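# here's my sequence, what's the structure:
(chains A and B)
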Amino acid sequence: MNRFDYIRPATLAEAFAAAAQPGSAYLAAGTNLLDLMKGAAARPDRVIDITRLPGLDGIEWRPDGSVRIGALVRNSDLAYDPRIQGAFPAISEALLSGASAQLRNAATLGGNLMQRTRCPYFYDVASACNRRAPGSGCDARDGENRLHAVLGWSEHCIATHPSDLCVPLVALDAVVEVEGPQGPREIAFEALHRLPGDTPEQETALTPGELIVAVRLPAEAAAFAPHARYLKLRERTSYAFAVVSAAAALVIEEGVIRHARLALGGVAARPWRAHEAEALLTGGPPSEDAFARAAEAALAAARPSGDNAFKIELARRIAVRALARALAGTPARTPALPASPFAPTFGASHAA
Amino acid sequence: MSLSISLKINGQPREVEIDDPRTTLLDLLRERLALTGAKKGCDRGQCGACTVLVDGRRINSCLALALSLDGAAVVTIEGLADGGRLHPVQAAFIAHDGFQCGYCTPGQIMSAVGLIAEGHAGDDPERVRELMSGNICRCGAYKGITEAVLEAGKILADAVREDAA
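Here you go, the predicted structure:
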């Protein structure tokens, strides 16, 4: 790890002043940043510890039914919050399907949104990586790339965004509240993460020095609570990133889908909202056929970026199954294996 | 530049000078405070051998900057036993053969203490396994670990009930 200056601002203004100098990085829990620094994939000259900034660690319910979640709320506190579980069960399920209990106790909401890809070539400083070192090339293109992107990728970068949480957040039309040297602004969740194009190093819509301070969920998002699920396929049962995942949410009235939301994870450099699929589903009866057509539409533009054509069919199936689970109804309690395709019964082992 | 932080380590207040900001909590415990129970396995948050409690919550001490934890209360495996009396989780790991080589054991036990305090697993072995998945045991003592966590959870829950009665 490189040497760095450690700064612990007490106010946002102090944080922005410190971040104005190039080579600065904001530090929350550090579960991703320290990992990157240990491998020299990140080498900040100045680490600005934001964990003591006031007012960023609360969950605030507004009179209009919306909720504002502070950027420093820890993943486990958010996931187990009873009102969040009741109103936004797919968010709890996604959070609890990610990382480990230790990491969830430390990692923050803002850090989850700003975490970097887990592409091994991004982590390995001996490899060419346009995202880490612009213009150096992309060793993933001809490398080990079974888990790389199938949507929205470019010749310059085929990395995926690893977050589970971001998948239901984009599906539910979350809004990202940002503050920075130029003042506060809001970013629609879908516009937060950028597709690589020919500038994969520009990973988010944030400008230098800007800091995520909160994520807001609109009141309408709670209408999906009875039919909202997250489903995640992993290469082991627990504590693994998604190969592909899906958040599905439905509002069903008199046998007809009034509103549909579908987003995919593990397929692109951003959590992938499937608007075409939602449009196909809306107004029709929920059925396996309708779900299959929606999944087809969601993956219509998909193409393999390497040895990963299987992910396209896998994503279709995960989308269909997530929609079917959403239709069946949100369980009263988050399952023992959150978001898992395995469905253990109480006291029995999935591995028996 | 050297910065001073205050920590409570296993109940004892400590003032510690941090002369290198790169110092993680794990390095501070092992290299400066001679508390070598927490292990440096992967040093990347993947194995759980470094698990300790910070303000009552289990975290990976390898991925926490010591400077960032100024003011925190830290409990390590060394602080668990009450004098000569083992903590119920320690006793349950022995009773159920929850280890073989023992390298991962301090992290497993601190993780189990955190899991029981969190209170989300109850008596469901599937939930215990899932919530212990951040701790890797290369000897494969998982069966005994799960049994130990379930038994210790029950003992600690009964103790809380007796205290309340």
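# report how many residues lie close to residue 14.
In the absence of a named chain, this looks at chain A. Neighbourhood size, A:E14 [other Cβ atoms under 10 Å in any protein chain shown]: 14. For the C-beta atoms, the positions are set from N, CA and C on the backbone; glycine is no exception.
# wrong one, chain B
By other Cβ under 10 Å, 14 other residues sit near B:R14.
# so what are the domain limits for chain B?
Using automatic domain parsing, the domain ranges for chain B come out as B:3-79, B:88-164.
# of all those domains, which one is nearest chain A?
Across the domains of chain B, chain A has its closest neighbour in domain B:88-164 (2.5 Å, Cβ to the nearest Cβ).
# ok, which stretches of the stretch 51-200 of chain A are helices?
Remark: helices assigned in the stretch 51-200 of chain A by DSSP state H, counting those that start in this stretch are A:75-79, A:82-87, A:89-96, A:101-106, A:109-114, A:120-123, A:166-171.
# touching the longest helix that chain A contains from outside, list them.
In terms of residue count, the longest helix belonging to chain A (DSSP state H) is helix A:310-328. If you take Cβ atoms under 8 Å, 6 or more residues apart in numbering or on different chains as the criterion, helix A:310-328 is touched by A:146-147, A:150, A:227-233, A:243-250, A:252, A:262, A:264, A:266-267, A:274, A:277, A:281, A:286, A:288, A:291-292, A:294-296, A:298-299, A:302-304, A:341.
# mind listing which of these are in strands?
Members of the contacts of helix A:310-328 lying in strands (criterion: DSSP state E): A:228-233, A:244-250, A:252, A:262, A:264.
# now list the buried members of the residues you listed.
Among the ones in strands among the contacts of helix A:310-328, those classed as buried by 16 or more other Cβ atoms under 10 Å in any protein chain shown are A:228-233, A:244-250, A:252, A:262, A:264.
# the residue nearest in space to the middle of chain B: helix or strand, and which one exactly?
Geometric centre of chain B, nearest residue: B:M110, 2.2 Å, by Cα atoms, centre = their mean. Assessed by DSSP states H and E, B:M110 sits inside helix B:105-118.
# what is the subsequent helix or strand relative to that helix?
Per DSSP H and E, the first helix or strand lying C-terminal to helix B:105-118 is helix B:125-131.
# just checking, what packs against that following helix?
Of the remaining helices and strands, those touching helix B:125-131 by 3 or more Cβ pairs under 8 Å, 6 or more residues apart in numbering or on different chains; DSSP states H and E are helix B:105-118, helix B:142-164.
# in the helix or strand of chain B with the lowest mean pLDDT, what counts as buried?
Least confident helix or strand, chain B: helix B:142-164 with a mean of 94, by mean pLDDT, DSSP states H and E. Neighbour-count burial for helix B:142-164 flags B:142, B:144-153, B:156 (criterion: 16+ other Cβ under 10 Å).
# which other residues reach that helix?
Applying Cβ under 8 Å, 6+ apart, the set of residues contacting helix B:142-164 from outside is B:88-89, B:91-93, B:95-99, B:108, B:112, B:115-116, B:121-123, B:125, B:128-129, B:132, B:135, B:137.
# out of the buried ones among the ones in strands among the contacts of helix A:310-328, who's nearest chain B?
Nearest to chain B among these: A:K232, at 13.0 Å, using Cβ to the nearest Cβ.
# identify the residues contacting that closest one.
With the criterion set at Cβ under 8 Å, 6+ apart, A:K232 makes contact with A:94, A:97, A:164, A:242, A:244-245, A:265, A:318, A:339-340.
# of those residues, which is the most crowded?
A:G265 (34 neighbours).
# tell me the pLDDT of the residue in the stretch 51-200 of chain A that chain B sits nearest to.
Using Cβ to the nearest Cβ, the single residue of the stretch 51-200 of chain A nearest to chain B is A:S100, 2.5 Å away. Listed pLDDT for A:S100 reads 98.
# number of nearby residues for A:R216?
When neighbours are counted by other Cβ under 10 Å, A:R216 registers 18.
# nearest residue to it other than its sequence neighbours?
Distances taken as Cβ to Cβ, 6 or more residues apart in numbering or on different chains put A:V175 closest to A:R216, at 4.5 Å, once the chain neighbours are dropped.
# tell me where the model's unsure across chain B.
Applying pLDDT under 70 to chain B flags the ranges B:1.
# which positions in it make contact with chain A?
Contacts of chain B with chain A, taken as Cβ under 8 Å from any Cβ of the partner chain, map to B:1, B:3, B:20-22, B:24, B:43-45, B:48, B:51, B:57-60, B:63-65, B:67-68, B:70, B:111, B:114-115, B:118, B:120, B:124-127, B:129-135.
# okay, buried residues for stretch B:82-92 please.
Within stretch B:82-92, the residues that count as buried by 16+ other Cβ under 10 Å are B:87-92.
# up against chain B, what does the stretch 1-150 of chain A have?
Within the stretch 1-150 of chain A, the residues that sit near chain B (Cβ under 8 Å from any Cβ) are A:1, A:3-6, A:8, A:27, A:29-31, A:34-35, A:38, A:47, A:49, A:51, A:76, A:80, A:99-103, A:105-106.
# for residue 44, which three-state class applies?
Let's take chain A. Here A:P44 is recorded as coil under DSSP: H, G, I helix; E, B strand; the rest coil.
# quick one, what contacts it?
A:2, A:4, A:23-25, A:37.
# need the three-state assignment for B:R58.
Strictly by three-state DSSP, B:R58 counts as strand.
# any idea what it is bridged to?
Taking DSSP bridges as the rule, B:R58 bridges to B:L53.
# and it, how far is that from B:P106?
B:R58 is 12 Å from B:P106, where distance means Cβ to Cβ, to the nearest Å.
# tell me, what's touching those two both at once?
Counting by Cβ under 8 Å, 6+ apart, the contacts common to B:R58 and B:P106 are B:T51.
# who has more neighbours, the two?
B:R58 (31 against 24).
# what residues are up against the more buried one?
Counting by Cβ under 8 Å, 6+ apart, B:R58 touches A:101-102, A:105, B:51-52, B:110-111, B:113-115.
# between these, which sits nearest A:P335?
Nearest to A:P335 among these: A:A101, at 15.7 Å, using Cβ to Cβ.
# hang on, the closest one packs against B:L115?
Yes. A:A101 is within contact range of B:L115, at 6.6 Å (criterion: Cβ atoms under 8 Å).
# can you give the distance of stretch B:12-22 from its chain's centre?
Computed by Cα atoms, centre = their mean, to the nearest Å, the chain-centroid distance of stretch B:12-22 equals 20 Å.
# if you count neighbours, what's buried in it?
B:16, B:18, B:21-22.
# Throw the domains of chain B into CSV and include distance to A:G65, thanks.
Listed next are the domains of chain B as CSV, based on distance: least, Cβ to Cβ, whole Å:
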stretch, distance to A:G65
domain B:3-79, 30
domain B:88-164, 27
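# ok, back up a step: just the CA coordinates for the longest helix of chain A, please, in CSV.
Only the C-alpha atoms of helix A:310-328 are listed here, as CSV (Å, rounded to 0.1, in the frame of the first residue of the first chain):
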residue,chain,number,x,y,z
PHE,A,310,-24.1,-18.8,-21.4
LYS,A,311,-24.8,-15.7,-19.2
ILE,A,312,-27.3,-14.4,-21.7
GLU,A,313,-29.6,-17.5,-21.4
LEU,A,314,-28.8,-17.6,-17.7
ALA,A,315,-30.0,-14.0,-17.3
ARG,A,316,-33.2,-14.8,-19.2
ARG,A,317,-34.0,-17.7,-16.9
ILE,A,318,-33.1,-15.7,-13.8
ALA,A,319,-35.4,-12.9,-14.9
VAL,A,320,-38.3,-15.3,-15.6
ARG,A,321,-37.8,-17.0,-12.2
ALA,A,322,-37.5,-13.7,-10.3
LEU,A,323,-40.8,-12.6,-11.9
ALA,A,324,-42.4,-15.9,-11.0
ARG,A,325,-41.2,-15.5,-7.4
ALA,A,326,-42.5,-11.9,-7.3
LEU,A,327,-45.9,-13.1,-8.6
ALA,A,328,-46.0,-15.9,-5.9
